[in-house]
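> fold the stuff below for me.
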Amino acid sequence: MSISVDEIKQWREHIKAQLSESVSVKAYCRAHKLKPHQFYYWFKKLKAKASKTDLIPVRISRGPVKELPQATSTLLCTLEMSGRLLKIYDLQALTTVLGMVH
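I've put the predicted structure just below:
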């Protein structure tokens, strides 16, 4: 049985929505007519896939920001928050995200 990209995308959206709504998995599944065991299966499967990505620890320190071109094809930073990965390629976006952490 092959898994479609659409199916993976759909489950990622369900997982993201459940986390952002701050409701139990059981309540979310009931509201969206999903089976909890399927939700947990996909949560585990997608989390395992995300954890295989190489992450670099980031230390945030106060001080001047090193000047880089505004847009680059180089990955500047990868952040993991609540099981979600955020890859940042743009210096302005990175500055904005780091400003929200302070």
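> only C-alpha atoms from now on, for both contacts and neighbour counts.
Noted.
> what about residue 74, how many neighbours?
Residue 74: 9 surrounding residues under other Cα atoms under 10 Å.
> how about the helices of this structure, start to end?
Along the chain, counting by DSSP state H, helices occupy 5-21, 25-31, 36-51, 91-101.
> to residue 80, which of those lies closest?
helix 36-51 (9.1 Å; Cα to Cα).
> flag every buried residue along that closest one.
39, 42, 43, 46 (16 or more other Cα atoms under 10 Å).
> pLDDT score for the second one?
Looking at residue 42, its pLDDT is 90.
> over to residue 52?
Predicted confidence (pLDDT) for residue 52: 52.
> same check, this time on the one 3 residues further on
What the model reports for residue 55 is a pLDDT of 55.
> between the buried residues of helix 36-51, which is closest to residue 90?
So of those, ranked by how close each gets to residue 90 (Cα to Cα), first place is residue 46, at 25.7 Å.
> mind listing what the closest one touches?
residue 12 (Cα atoms under 8 Å, 6 or more residues apart in numbering).
> just for the chain, where's the confidence low?
For the chain, the stretches flagged by pLDDT under 70 are 1, 48-72, 81-82, 100-102.
> neighbours around residue 83, how many?
16.
> for the closest residue to it other than its chain neighbours, give its distance to residue 15.
Spatial nearest neighbour of residue 83, excluding adjacent residues (Cα to Cα, 6 or more residues apart in numbering): residue 47 at 6.4 Å. For residue 47, the distance to residue 15 (Cα to Cα, to the nearest Å) stands at 10 Å.
> now do residue 38
Taking Cα to Cα, one finds residue 38 at 11 Å from residue 15.
> what does residue 8 give?
Distance from residue 8 to residue 15, by Cα to Cα: 11 Å.
> and those two? which has more neighbours close in?
Set residue 8 next to residue 15 and count neighbours by other Cα under 10 Å: residue 15 wins out with 21 against 14.
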